[in-house]
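Undergrad: Fold the stuff below for me.
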Amino acid sequence: MPDSEDPKQVSNNDLRNTQFGGGFVNAEIVNAGQIGGDIYNIHLGQQTAASGNSVQSQNQRQRSLSEKDSLEKAYTLQSQKVANLRTALVIETDVSRKFQYEHQLQSEERTLKELGDKLDAIEQQLQAAENSGLGADTTIYIERPPIEDKCYKAIVQPGALIRIKAPQRMGKTLLLEKILDHARHQGYETVKLDLKLADNSTLTDLKTFLHWLCVNVSDSLDVKDLVDEYWQDSLGLNTSCTRYFQRYLLSNIDNSLVFAIDNFERLFEYANIFSEFCLLLRSWYETAKQGDRMGKIWKKLRLVVVNSTEAYPTLDINRSPFNVGLAIELPEFNQQQVQEIVKLYELEGYFRKEGLSQLIKLVGGHPYLLNEAIANLKSQETSLEELISLAPTEQGIFSYHLRQQLESLQSDSQLKEGYAKVITVDKPVQLSPEITFKLHSLGLVKIVRNDCIASCDLYRQYFLARLE
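TA: Residues are numbered from 1 along each chain as shown. Presented below is the predicted three-dimensional model:
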């Protein structure tokens, strides 16, 4: 039947009562027009993080919380829309309609990510406001020896490469700032490039991306942008970028340059850029080992690559920067480090011994979860008993983070099935090495020899109610 005669033609992404492969899917989803009006028109206001001795006013905090609530509702709606489109794509047998759903799904997944990024931003602003109560310009950082010492020793080595990885919100960026601060104390130039700031248009092809990178490094070093003068397409894109660094940026600084790339996982989904850029970084690292004039120049460059472990790129071992240099994987906090956080928040007298044990049982040693819980207790917005009771529910303070984790599981049926096995028994469970690695990378499990256990009671309680 031609599309013009199809009584169930999809319009405006509205899948309600749409027929797939001869059957019907009950996909109660708001249409794209409603999403555009109800989600994108959310006004984030002027959410400026408190700095110095200023503290976010109560009115501003209430507005931020209200905006966060609106975004969370929009995120939930969009998550359901993405889930239903995935179901439709699996069920549909018509080739042309399947093609349509694939493109719709890509678009809706981008929308979901944008909403997630906005929620991350507002949560960070709220957290910054909480932290500002600790004192002027104070950022909570808990050392995890010997990690910091290893990084400080590595960064002063010629041609160094440090790789920092951990799941989201484990403190990677805070460690990176510590390394950069140490480098500045050595008199080094420092440049930090956050790939989350790259527009989608920047990631369309390798040339556009490398141009963007060179211009941003030039700006950070406060030198004139001369990319066009040094760039020659006939030499190749990676060679042109290397030429710009070697003949201009590195040759015109007297000391070393620490070049840090944060949120490197952003490139994992852009295969046309990821592979070639990794080859470029690996070549810079290898060139610094040479004893000739070029090696002397490249010894000035020290690289720090920071990425979350939720994505899993495949790369030729000889082209990868991920199997050389110093590898740092951030662990959870131990009991002593948790007590340090409590001390920083001046809550030593608040916790009875069993109270702190209850909190650790709930969230383990996860830095973000601990900080979020303790900051809420500090603000006296909730009691410990209420916090623990509501934590694994949609009313709890971790609801957005938990929904993000749920989205990761729902997007991969094997992950979902594997984690369901872990949380439904009280003993370690053996899963395939790939599933074990992915769940551990998400921070959802701890590995005991070759087996898995839930990383904390918060995850066990929340997902027991949602994974069938």
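Undergrad: On the three-state scheme, residue 218 is what?
TA: Here residue 218 is recorded as helix under DSSP: H, G, I helix; E, B strand; the rest coil.
Undergrad: hang on, I meant residue 347
TA: Note that with three-state DSSP, the state of residue 347 is coil.
Undergrad: How far away from the center of its chain is the helix or strand harbouring residue 192?
TA: Using DSSP states H and E, residue 192 sits in strand 189-194. Chain-centre distance of strand 189-194: 18 Å, with CA atoms, centre = their mean, to the nearest Å.
Undergrad: Which strands and helices lie in contact with it?
TA: Counting contacts by 3 or more CB pairs under 8 Å, 6 or more residues apart in numbering; DSSP states H and E, strand 189-194 packs against helix 172-185, helix 206-220, strand 257-262. Where C-beta positions appear, they are placed from N, C-alpha and C, glycine not excepted.
Undergrad: Please verify my assumption that residue 460 contacts residue 454.
TA: Yes - using CB atoms under 8 Å, residue 460 is in contact with residue 454, at 4.3 Å.
Undergrad: which residues do those two both contact?
TA: Counting by CB atoms under 8 Å, 6 or more residues apart in numbering, the contacts common to residue 460 and residue 454 are residue 423.
Undergrad: These two - which one has more neighbours?
TA: The neighbour count for residue 460 versus residue 454, taken as other CB atoms under 10 Å, is higher for residue 454 (23 against 19).
Undergrad: From residue 242, how far out is the more buried one?
TA: Separation of residue 454 from residue 242 (CB to CB, to the nearest Å) stands at 46 Å.
Undergrad: related to what we said a few turns ago, strand partners of the strand holding residue 192, parallel vs antiparallel please.
TA: Its sheet considered, strand 189-194 pairs with strand 257-262 (parallel) by DSSP bridges.
Undergrad: Could you give the average pLDDT over the strand it pairs with?
TA: What strand 257-262 shows for mean pLDDT is 98.
Undergrad: go on, stretch 409-417?
TA: Rounded mean pLDDT across stretch 409-417 is 94.
Undergrad: next one: stretch 456-464
TA: Stretch 456-464 comes out at a mean pLDDT of 97.
Undergrad: Give me the residues contacting it.
TA: Under CB under 8 Å, 6+ apart, the answer for stretch 456-464 is 361-364, 366, 369, 391-393, 398, 402, 405-406, 409, 419-420, 423-424, 444, 454.
Undergrad: could you pull out the strands for the chain?
TA: Assigned by DSSP state E, the strands in the chain fall at 16-20, 23-26, 161-165, 189-194, 257-262, 301-307, 326-329, 445-448, 451-454.
Undergrad: returning to what we had before: in helices, which of the contacts of stretch 456-464 appear?
TA: If you go by DSSP state H, these have 361, 362, 363, 369, 402, 405, 406, 409, 419, 420, 423 in helices.
Undergrad: If any of the residues you listed are buried, give me the PyMOL selection for them.
TA: Buried residues within the ones in helices among the contacts of stretch 456-464, by 16 or more other CB atoms under 10 Å, are selected in PyMOL with:
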select buried, resi 362+363+369+402+405+406+409+419+423
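Undergrad: which among the ones in helices among the contacts of stretch 456-464 gets closest to residue 108?
TA: For the ones in helices among the contacts of stretch 456-464, the residue nearest residue 108 by CB to CB is residue 406; the value is 16.8 Å.
Undergrad: Could you report the neighbour count for the closest residue to that closest one other than its chain neighbours?
TA: Distances taken as CB to CB, 6 or more residues apart in numbering put residue 466 closest to residue 406, at 6.2 Å, once the chain neighbours are dropped. Using other CB under 10 Å, residue 466 has 14 other residues around it.
Undergrad: try residue 294
TA: Around residue 294 there are 13 residues (other CB under 10 Å).
Undergrad: Which residue is the nearest non-sequential neighbour of residue 150?
TA: Among residues not flanking residue 150 along the chain, residue 326 sits closest, at 6.5 Å (CB to CB, 6+ apart).
Undergrad: contacting residues for the one you found?
TA: Counting by CB under 8 Å, 6+ apart, residue 326 has contacts 150, 151, 154, 160, 161, 162, 163.
Undergrad: Mind picking the two most distant members of those?
TA: The widest separation within the contacts of residue 326 (CB to CB) is 13.1 Å, between 150 and 161.
Undergrad: Compare the two (neighbour count), which wins?
TA: Counted by other CB under 10 Å, residue 150 and residue 161 do not tie: residue 161 has more neighbours, with 23 against 14.
Undergrad: How much space separates the more buried one from residue 236?
TA: Taking CB to CB, one finds residue 161 at 23 Å from residue 236.
Undergrad: And for residue 325?
TA: For residue 325 relative to residue 236 (CB to CB), the value is 25 Å.
Undergrad: quick one: least confident helix or strand in this structure?
TA: helix 32-38 (a mean of 35; mean pLDDT, DSSP states H and E).
Undergrad: related to what we said a few turns ago, neighbour-wise, which of residue 325 and residue 236 wins?
TA: residue 325 (21 against 12).
Undergrad: Surely that one is in contact with residue 164?
TA: No - taking CB under 8 Å as the definition, residue 325 is not a contact partner of residue 164, at 10.5 Å.
Undergrad: where does the stretch 151-300 of the chain have low pLDDT?
TA: Across the stretch 151-300 of the chain, not a single residue meets the criterion (pLDDT under 70).
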